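1. the following comprises the amino acid sequence and a computationally predicted model.
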Amino acid sequence: MSKNKKLIVIAGTTASGKSALGIALAKKFGGEIISADSRQIYRGLKIGSGAVSKKEVSDIPHYLLSVANPKKTFTVSQYKKLARKKMEEIWKRNKLPIIVGGTGLYIRAAVDGLVIPEVKPNPKLRRELEKKSVSELSLILKKKDVRRWREIDKKNPRRLVRAIEIATALGKVPAIKMNPLAAEVLFIGIRKEGKMLESLVKKRVAKMVREGLVAETKKLAKTGVSERKIREFGFEYSNTLAFIDGEIGSKSELIDKIVKSTLDYAKRQMTWFGKDSRIIWIRNRQEAIIKINKFLIL
RNA sequence: GCGCCGGUCGGAUAGCGGCUAUUCCAGGGGACUGUAAAUCCCCGGCCUUAUGGGCACCGAAGGUUCGAGUCCUUCCCGGCGCA
């Protein structure tokens, strides 16, 4: 390996086989894995988030899995700090960090160093703003920061609220800045499409339900995670909650709903990753190995 | 055979004479500054020299009318009822 710091990113859609690929590559190249998954980061969401099992992990170290308190909101900003810290540690040990995940924003924050304004979420303000209509929010932002207002999605309440939150604290929303990693990065993408993806997703969801998605959801509720919070953990959990409440009649209906949502999600992931020209889309493990070999020698 | 009800974009729906035919779901495309598996936007008949333009269209054919998915006639198809 050359002296420069190197990092591999494996991005891709759900059920594409990222985790397995990551592990295989880690074994071959002396890597350690940093997860970039906004759900697996939480404790207690193993089944519904499709987290790798202990068996699969084998002897490859995995980081940023099950580290956050599910009762609290974990943010991209925290992720960025943790991920960068882990990378440094891995480099110090002379190993190769491999980021594996499907959460595009997390990868962008950690690798490209998207600079996120230092304004912590303000629950009180948010609660207040969430009562307002989109047009009211738009007006508020316009008064506080015309520049940001001009480019923001004026129909997206979440974005508007956040922008107002920042503008309230700093006076203005700072322009986007990047603080990229001082390392060479190889982006590898893996994806499945069409019927193939569909059948993989079906299998995966059926397995989740078989392995106790319902029990896991109940357990979260029992340990004091609010329903609202559980719903925010994504369609696996929100649909399961609906099943528990009887709004969804049967397990097969539950599976169908989750499968559908998963496929929609995969589409959104592709929208995100698809525009990143750095990603090299590989068809199989062998291709990945060839690319990485070249990357490490250079 | 008679009577009633109905046939609207892939499915379901609105529409009771007037301008660009509605909404939901499914489908497709896209955005992304501390919630991102979140949140949000656009398209949805055909053609196109595409932040625009052209041509269609409401089971079929005629008719009434300045104007018809909407009214009338006949036919076709489906459901229900009576024979």
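-> Okay, I see it.
2. is it true that A:Pro121 lies in a strand?
-> No - when classified by DSSP: H, G, I helix; E, B strand; the rest coil, A:Pro121 is found to be coil rather than part of a strand.
3. which ones are touching it?
-> The contact partners of A:Pro121, taken as Cβ atoms under 8 Å, 6 or more residues apart in numbering, are A:73, A:75, A:165. Just so you know, the C-beta spots here come from the backbone N, C-alpha and C atoms, and that holds for glycine as well.
4. now for A:Gly31, how many residues are close by?
-> 23 (other Cβ atoms under 10 Å).
5. and it, how far is that from A:Trp91?
-> 11 Å (Cβ to Cβ, to the nearest Å).
6. what pLDDT is listed against the residue of chain A at minimum distance from RNA strand B?
-> Nearest to RNA strand B, among the residues of chain A, is A:Gly234, at 2.4 Å (Cβ to the nearest atom of the strand). At A:Gly234, the pLDDT value in this model is 88.
7. now the closest residue to it other than its chain neighbours: phi and psi?
-> Spatial nearest neighbour of A:Gly234, chain neighbours left out: A:Arg39 (5.9 Å); criterion: Cβ to Cβ, 6 or more residues apart in numbering. Main-chain dihedrals, A:Arg39, degrees, to the nearest 10: phi -110, psi -40.
8. in the stretch 1-150 of chain A, which spans are helices?
-> A:18-29, A:54-57, A:76-92, A:104-107, A:123-130, A:134-144, A:146-151 (DSSP state H, counting those that start in this stretch).
9. export those to JSON lines and tack on mean neighbour count, distance to RNA strand B and mean pLDDT?
-> Formatted as JSON lines, the helices of the stretch 1-150 of chain A follow (neighbours: other Cβ atoms under 10 Å; distance: least, Cβ to the nearest atom of the strand, whole Å; pLDDT from 0 to 100):
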{"stretch": "helix A:18-29", "mean neighbour count": "20", "distance to RNA strand B": "10", "mean pLDDT": "94"}
{"stretch": "helix A:54-57", "mean neighbour count": "10", "distance to RNA strand B": "15", "mean pLDDT": "76"}
{"stretch": "helix A:76-92", "mean neighbour count": "17", "distance to RNA strand B": "3", "mean pLDDT": "96"}
{"stretch": "helix A:104-107", "mean neighbour count": "20", "distance to RNA strand B": "4", "mean pLDDT": "96"}
{"stretch": "helix A:123-130", "mean neighbour count": "12", "distance to RNA strand B": "6", "mean pLDDT": "91"}
{"stretch": "helix A:134-144", "mean neighbour count": "16", "distance to RNA strand B": "8", "mean pLDDT": "91"}
{"stretch": "helix A:146-151", "mean neighbour count": "14", "distance to RNA strand B": "5", "mean pLDDT": "92"}
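10. can you list contacts of stretch A:254-270?
-> A:12-15, A:102, A:104, A:191, A:197-198, A:201-202, A:204-206, A:208-209, A:235-236, A:239-240, A:242-243, A:248.
11. buried ones among those residues?
-> Listed as buried from the contacts of stretch A:254-270 are A:12-15, A:102, A:104, A:191, A:197-198, A:201-202, A:205, A:208-209, A:235-236, A:239-240, A:242-243, A:248; burial here means 16 or more other Cβ atoms under 10 Å.
12. I'd say A:Cys173 and A:Pro117 touch.
-> Let me fix one detail, which is that residue A:173 is Val and not Cys. Yes - because the distance of 6.8 Å satisfies Cβ atoms under 8 Å, A:Val173 is recorded as touching A:Pro117.
13. the two: which has the busier surroundings?
-> Shown here are A:Val173 and A:Pro117; by other Cβ under 10 Å, A:Val173 has more neighbours (23 against 18).
14. so the more buried one: helix, strand or coil?
-> A:Val173 - assigned by three-state DSSP - is coil.
15. list the contacts of the closest residue in space to it that isn't next to it in sequence.
-> Sequence neighbours aside, A:Arg148 is the residue nearest to A:Val173 in space, at 4.0 Å (criterion: Cβ to Cβ, 6+ apart). The neighbours of A:Arg148, taking Cβ under 8 Å, 6+ apart as the test, are A:141, A:163, A:167, A:172-173.
16. and these, which two are the farthest apart?
-> A:Leu141 and A:Lys172 (10.8 Å; Cβ to Cβ).
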